[in-house]
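Asker: pasting a predicted model and its sequence here:
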Amino acid sequence: MYRIGLSVNLELRSGGSPLALLFLTLNVPFKELLTYECCEHRYLVADWSLECPACALRLICRRKMMVKEFAVSAPGKVILHGEHAVVHGKAALAVSLNLRTFLRIRPNKSGKVLIHLPNIGTRLSWDVVQLQALLSTLQVYKNDEPISPHPEEMEKLKEFAGIEKHSADTESLAVLTFLYLYLSICERDLPSLDIAVWSELPTGAGLGSSAAYSVCMAAALLTTSGQISCPLEYGTDTGRWTVDELNIINKWAFQGEKVIHGNPSGVDNAVGAWGGALRYRAGKITTLNRVPTLKILLTNTKVPRSTKILVAGVKNKILKFPAIMNPVLDSIDAIASLCEHVLDAMVETPSLEEYPVLEELFDINQHHLNVIGVGHPSLDRLCHVTASHGLHSKLTGAGGGGCGITLLRPDTDSSVVEAAKQDLKLCGFECWETNIGGPGVLLHSSSSLKAEVQQVFEGL
Ligand SMILES: Nc1ncnc2c1ncn2[C@@H]1O[C@H](COP(=O)(O)OP(=O)(O)OP(=O)(O)O)[C@@H](O)[C@H]1O
Ligand SMILES: C[C@@](O)(CCO)CC(=O)[O-]
Ligand SMILES: [Mg+2]
């Protein structure tokens, strides 16, 4: 018989709902209760459950984290082909970017939760006691799986945060997503925290800023609450979670995307969690290991738009003209398949021969995206300007403004790219030549964050 201290969460559960938090004397082998430490955190590992055969009451012991400050980051993405069609069960090819969102989490003893979002000028705080009162309005699990935010629950959260019923502005969506993930993930023991999120990605421009935000929130809150491990070992600056843990992060990030988008396909959060290149179709993620290094020019038209509204617009068009729109979606699906095949062939036999096909696929898909109603005059302009330099472009992400991608062939002279960039800048656009294929969500010791990010966080 061993006596277990109060630092362990003990719950007596019946039919899934906790009955009591207990301090008990248990008959469990001592070796099952271990403490382990990484450089910044200390966990008590005690993930086991005991079930009484007579009354089916279960005693669950969970690991609880003694938290210190840490940071996480997740990449943005570009969709090569398949945006919008992927919401309707077609395939999308997406690749992570070297532009990332960073989140720093600090436990505090003030009994408050503070959130700083410097990209959008938001700084808010709530008392944990007030947040506690909201818990009874949320139902977040079904058979141990996260379930979708219910519209009535969202209304309650909006009321609490003083957000108008139909408000879909940047701050409202970011705050609602935070509140939803914080309350859902940390429901057992709401922590007093200071959270800051800063991104290198433009907000709301088609590069997956919402997914990177949701992935960072999910990863940080799951780590803080001890539901996933802290994969930072002594002497290391960054750590990556196991496949099972990445799946948990991805599932919660998808719920966050639901708060922001309404009806996301899940492709953006999958790239944020896993990184690299992947094919995504109807929830199935396939990592693409054989993708050639593609050089891409990213251009932000700076025309603001909302993914939620654009996705809803496409749905309405499909409902209105199914016989016209469904073949377009099928064609986009075929483009994604052919592109994947071509990329694979390029790895097998590196040559320039396949580039004209990739270029033509960009052109065709851009026309399709205009047909389904997600184009914009600024994106037409972007395509015309790059075409005048012999380059091929398409919108990426939800469209309606935001960003376009231009394929740069290895044999394109740098003077051509520079001239195209100059002309794009004259239109008021912003351009980056970018690397694709960065790592997915990462855990960082906060002292190891690059200077620029540390400076932002220190200045808050
Ligand atoms: N750094 C950030 N700080 C605060 N909120 C953010 C941040 N990044 C994203 N968001 C939230 O995500 C929303 C933008 O999501 P939206 O899906 O419309 O654009 P996107 O994700 O950049 O583009 P796409 O979905 O086409 O890839 C913002 O309105 C805001 O609520
Ligand atoms: C427009 C869309 O297809 C991609 C946004 O990056 C929406 C989604 O897949 O959730
Ligand atoms: Mg988004």
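Answerer: Yes, it's here. Ligands and ions are numbered 1, 2, ... in the order given.

Asker: who in this protein is up against ligand 2?
Answerer: Those residues of the chain that sit near ligand 2, judged by C-beta under 6 Å from any ligand atom, are 79, 83-84, 86-87, 208, 261, 264-265, 267-268, 307, 311, 397-398. Placement of C-beta: from N, CA and C, glycine included.

Asker: ok, now with 8 Å
Answerer: Applying C-beta under 8 Å from any ligand atom, one finds that the chain approaches ligand 2 through 77, 79, 82-87, 92, 206, 208, 211, 257, 261, 263-268, 307, 310-311, 314, 374, 396-399.

Asker: what's around the nearest residue to Gln130 once chain neighbours are set aside, how many residues?
Answerer: With C-beta to C-beta, 6 or more residues apart in numbering as the measure, Phe160 is the residue that lies nearest to Gln130, at 7.8 Å, once sequence neighbours are left out. If you count neighbours by other C-beta atoms under 10 Å, Phe160 ends up with 17.

Asker: what pLDDT, on average, does whichever helix or strand Phe160 is part of get?
Answerer: For Phe160, the element it lies in under DSSP states H and E is helix 151-161. The pLDDT scores in helix 151-161 average 92.

Asker: near ligand 1 at all, it?
Answerer: No. Judged by C-beta under 8 Å from any ligand atom, helix 151-161 makes no contact with ligand 1; its nearest approach is 12.8 Å.

Asker: in the protein, where's the longest helix?
Answerer: Among the elements of type helix in the chain, defined by DSSP state H, the one spanning the most residues is helix 322-348.

Asker: how about residues contacting the helix holding Phe160?
Answerer: Contacts made with helix 151-161 from outside it, assessed by C-beta atoms under 8 Å, 6 or more residues apart in numbering, are listed as 124, 130, 134, 137-139, 163-165, 167, 172, 175-176, 179-180, 183, 259.

Asker: and what of stretch 242-249?
Answerer: Applying C-beta under 8 Å, 6+ apart, the set of residues contacting stretch 242-249 from outside is 215, 218-219, 222, 227-229, 231, 241, 273-274, 440-441.

Asker: let's go with 10 Å and repeat that
Answerer: Outside stretch 242-249, the residues within contact range by C-beta atoms under 10 Å, 6 or more residues apart in numbering are 72, 74, 146, 185, 214-223, 227-229, 231, 240-241, 269-270, 272-275, 285, 440-441.

Asker: also stretch 342-357?
Answerer: By C-beta under 10 Å, 6+ apart, the list of residues contacting stretch 342-357 from outside reads 80, 93, 277, 288-294, 338-339, 341, 358, 361, 392, 407-412.

Asker: among the residues you listed, name the ones in strands.
Answerer: Judged by DSSP state E, the contacts of stretch 342-357 include Leu80, Leu93, Ala277, His392, Leu407, Leu408 as members of strands.

Asker: who wins for neighbours among those residues?
Answerer: Leu80 (28 neighbours).

Asker: now the helices: where do they sit in the protein?
Answerer: Remark: helices assigned in the chain by DSSP H are 128-134, 151-161, 170-185, 209-224, 243-261, 267-274, 307-320, 322-348, 355-371, 377-387, 414-426, 451-458.

Asker: for the nearest residue to Pro264 once chain neighbours are set aside, list the residues it contacts.
Answerer: Distance criterion C-beta to C-beta, 6+ apart; nearest residue to Pro264, sequence neighbours excluded, is Glu257 at 4.1 Å. Taking C-beta under 10 Å, 6+ apart as the contact definition, Glu257 lies against 177, 208, 210-211, 213-215, 218, 263-269, 272, 307.

Asker: run the last query once more with 6 Å
Answerer: With C-beta atoms under 6 Å, 6 or more residues apart in numbering as the criterion, the residues that contact Glu257 are Ala211, Ser214, Pro264, Asn269.

Asker: now the residue in the stretch 51-200 of the chain that ligand 2 sits nearest to: how far from Tyr280?
Answerer: At 4.0 Å from ligand 2, Glu83 is the closest residue in the stretch 51-200 of the chain, using C-beta to the nearest ligand atom. Distance, Glu83 to Tyr280, by C-beta to C-beta, to the nearest Å: 11 Å.

Asker: select only the buried ones of the contacts of stretch 342-357 in ChimeraX?
Answerer: Typed into ChimeraX, the line below selects the buried ones among the contacts of stretch 342-357, using 16 or more other C-beta atoms under 10 Å:
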select :80,93,277,288,291,292,294,338,339,358,361,392,407,408,409,412
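
Asker: quick one on the thing from earlier: turn the ones in strands among the contacts of stretch 342-357 into TSV, columns for distance to ligand 3.
Answerer: Converted to TSV, the ones in strands among the contacts of stretch 342-357 look like this (distance: C-beta to the ion, whole Å):
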residue	distance to ligand 3
Leu80	16
Leu93	17
Ala277	19
His392	24
Leu407	23
Leu408	25
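
Asker: that'll do, ta.
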